[in-house]
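J.: Build the 3D model from these lines:
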Amino acid sequence: MTLLEVELQKMKSEIISMWDLVISQLNKAQQSLVSFDKDIALEVIANEKRVNGMELKIDRDGESIIALFNPVAIDLRFVLAMLKINYNLERTGDIAKGIAKCIVNSDQPFDEKLLHDTQILIMFEEATDMLEDVLESFRNEDTKIARTIFKRDKFLDEINKKIDLNVAEYIRANPTNIEQSLYIHSSIRKIERAGDQAKNIAEEIIFYVEAKVLKHTSKKNIEE
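T.: This is a model prediction of the structure:
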């Protein structure tokens, strides 16, 4: 194994560790929402520093690999993809932290009817599953799995489109619970963006493995 191969493998291991942490952050944010456990929410907020530290380390390692080894072809695509995935994971960590802050700031447990009507828990499950599946895609260099993410992101988009109406209807029926409604509204917007991050990661995996750039490709062509 060459020194370049060693460094690339090290970078891959670092990304996977960060990935696992971000998935844990989303899971804990959901757990704290359901159980209204502010200690878990505070843990998510505190752990965001670890996510940020990992992002900075991976960025530095990627820059060093390019400067020292001048990688080409698939090795260069790998490094470029890792740098973008690193950014997407850090953004997802920010999303988990933002949701945790909503929970910490709430004065009482969230109304089960509000959680049900807005479908936030369904969104949480799907967004976390998407992130886990793109990790599997990355580990196995399986672009078939990566391509399943695009349609699943549309599912999150559809729920997000209904959030204004759903929250407005809930507030009309529960005018004393406006604050919670706004926290849930904000959280759903954040989860929808987490789905976008998973989709971006899927695009980078396909770029790395197949040397295809999907950023400016129509969604119809991506899914074919």
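J.: list the contacts for the nearest residue to F138 once chain neighbours are set aside?
T.: Distances taken as CB to CB, 6 or more residues apart in numbering place I205 nearest to F138, at 5.5 Å, with adjacent residues excluded. From N, CA and C alone the C-beta is placed, and that goes for glycine too. Neighbouring residues of I205 by CB atoms under 8 Å, 6 or more residues apart in numbering: A81, I85, V134, S137, F138, E141, T143, A146.
J.: which element is the third one on?
T.: Translated: V134. helix 120-140 (DSSP states H and E).
J.: export that helix as PDB, just CAs?
T.: Below are the C-alpha coordinates for helix 120-140, written out as PDB (Å, rounded to 0.1, in the frame of the first residue of the first chain):
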ATOM      1  CA  ILE A 120     -42.500  15.400  12.100                       C
ATOM      2  CA  LEU A 121     -41.600  12.000  13.600                       C
ATOM      3  CA  ILE A 122     -42.100  10.300  10.200                       C
ATOM      4  CA  MET A 123     -39.800  13.000   8.700                       C
ATOM      5  CA  PHE A 124     -37.200  12.400  11.400                       C
ATOM      6  CA  GLU A 125     -37.200   8.600  10.800                       C
ATOM      7  CA  GLU A 126     -36.900   9.000   7.000                       C
ATOM      8  CA  ALA A 127     -34.100  11.600   7.200                       C
ATOM      9  CA  THR A 128     -32.100   9.500   9.500                       C
ATOM     10  CA  ASP A 129     -32.700   6.400   7.400                       C
ATOM     11  CA  MET A 130     -31.500   8.300   4.300                       C
ATOM     12  CA  LEU A 131     -28.300   9.300   6.100                       C
ATOM     13  CA  GLU A 132     -27.700   5.700   7.200                       C
ATOM     14  CA  ASP A 133     -28.300   4.400   3.600                       C
ATOM     15  CA  VAL A 134     -26.000   6.900   2.000                       C
ATOM     16  CA  LEU A 135     -23.400   5.700   4.500                       C
ATOM     17  CA  GLU A 136     -23.900   2.100   3.400                       C
ATOM     18  CA  SER A 137     -23.700   3.300  -0.200                       C
ATOM     19  CA  PHE A 138     -20.400   5.000   0.600                       C
ATOM     20  CA  ARG A 139     -18.900   2.000   2.400                       C
ATOM     21  CA  ASN A 140     -19.800  -0.300  -0.400                       C
END
